[in-house]
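# any chance you could fold what I've pasted below:
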Amino acid sequence: MTKKPHNIEVTVGYTVRINASTRVVSTEPTASDLVRLAHEYQLGATLLLAERSSVERPVYFLYAHAIELSFKAFLTIQGQTAPWIHKLSELYSQCENHTLKLSVDTVRAIELMAEENDINGFRYLQHNSTIKPELIYLSEAVEELLRIVDAVVEGTLPAKNAPKGILEMTVNKQEPI
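Coordinates of the predicted model:
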């Protein structure tokens with residue numbers, strides 16, 4: 001009797017797939033991985049925004065990254081390989097070519113974010129003049145984008161077809177004895 005090799009999936013920030021017979025490891029993130037991470041960045045931005053502190057650039061950065069990951073999740077669920085780029089305008093253009101429809105307000109908020117994001121202005125101090133949307137306006141735009149991408153991802157991955165045997169681990173710092 002021959003034993004059939006098993007495929008193993010482990011989620012550690014992204015899903016790692018190991019084919020036991022060929023020992024091929026795939027670390028391409030799934031649409032679910034990407035949208036889950038987009039929600040984490042959105043939540044981080046929302047929590048900082050709720051503090052009403054003077055922290056502004058990190059909030060913009062977190063929202064920009066949530067937008068980028070949402071676009072990549074959408075492209076992945078459409079059967080495209082998510083490109084390793086950070087330009088929101090290019091990612092949106094690709095998503096639009098694959099039927100992503102957003103409201104005019106959301107598109108405008110993303111367009112306003114694109115220039116500053118493209119020059120890494122939310123990550124590093126840049127001395128360029130750019131325009132960015134008000135944070136509340138941006139928050140609503142990211143919410144709409146994630147609502148749409150969630151619906152697409154959930155609609156194409158019903159629970160009965162979800163991969164089985166995924167182990168998610170969080171490793172904590174060991175406390176001294």
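# phi first, then psi, for the residue most central in space within the chain.
Within the chain, one residue has its C-alpha closest to the average C-alpha position: by Cα atoms, centre = their mean, that is residue 69, at 2.3 Å. Backbone dihedrals for residue 69, given as degrees, to the nearest 10, come out at phi -70, psi -40.
# point out where the chain drops to low pLDDT.
Scanning the chain for pLDDT under 70 picks out 1-27, 121, 156-177.
# residue boundaries of the strands in it?
Listed in chain order, the strands of the chain (DSSP state E) span residues 7-11, 15-19, 24-26, 166-168.
# ok so, going back, name the nearest residue to the residue nearest to the centre of the chain, sequence neighbours excluded.
Closest residue to residue 69 apart from its sequence neighbours, by Cβ to Cβ, 6 or more residues apart in numbering: residue 38 at 3.7 Å. C-beta coordinates here come from the backbone N, C-alpha and C atoms, glycine included.
# that older thread, just checking, the residue nearest to the centre of the chain touches residue 37?
Yes: in this structure, residue 69 sits in contact with residue 37. The criterion is Cβ atoms under 8 Å, and the distance is 5.3 Å.
# related to what we said a few turns ago, show me what contacts the residue nearest to residue 69?
Under the criterion of Cβ atoms under 8 Å, 6 or more residues apart in numbering, the neighbours of residue 38 are 65, 66, 67, 69, 70, 73, 146, 149.
# residue 149 versus the fourth one, what's the distance?
Think residue 69. According to Cβ to Cβ, to the nearest Å, residue 69 stands 9 Å off from residue 149.
# what's the answer for the fifth one, then?
Distance, residue 70 to residue 149, by Cβ to Cβ: 5 Å.
# helices of the protein, start to end?
Using DSSP state H, the helices found in the chain span residues 31-50, 57-77, 88-97, 104-118, 135-156.
# now for these, which one comes closest to residue 127?
Taking Cβ to Cβ as the measure, the helices of the chain were each checked against residue 127, and helix 104-118 came out nearest at 12.2 Å.
# just the buried positions in the closest one, please.
Buried positions in helix 104-118, judged by neighbour count with 16 or more other Cβ atoms under 10 Å: 106, 109, 110, 112, 113, 114, 115, 116, 117, 118.
# got the CA coordinates for it in CSV?
As requested, the backbone C-alpha atoms of helix 104-118 are provided in CSV (Å, rounded to 0.1, in the frame of the first residue of the first chain):
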residue,chain,number,x,y,z
VAL,A,104,-16.4,58.8,-7.6
ASP,A,105,-15.5,60.0,-4.0
THR,A,106,-13.5,56.9,-3.2
VAL,A,107,-11.6,57.1,-6.5
ARG,A,108,-10.9,60.8,-5.9
ALA,A,109,-9.5,60.1,-2.4
ILE,A,110,-7.3,57.4,-3.7
GLU,A,111,-6.1,59.7,-6.5
LEU,A,112,-5.2,62.3,-3.9
MET,A,113,-3.2,59.7,-1.9
ALA,A,114,-1.4,58.4,-5.0
GLU,A,115,1.1,61.2,-5.6
GLU,A,116,2.3,61.4,-2.0
ASN,A,117,2.4,57.6,-1.7
ASP,A,118,4.3,57.2,-4.9
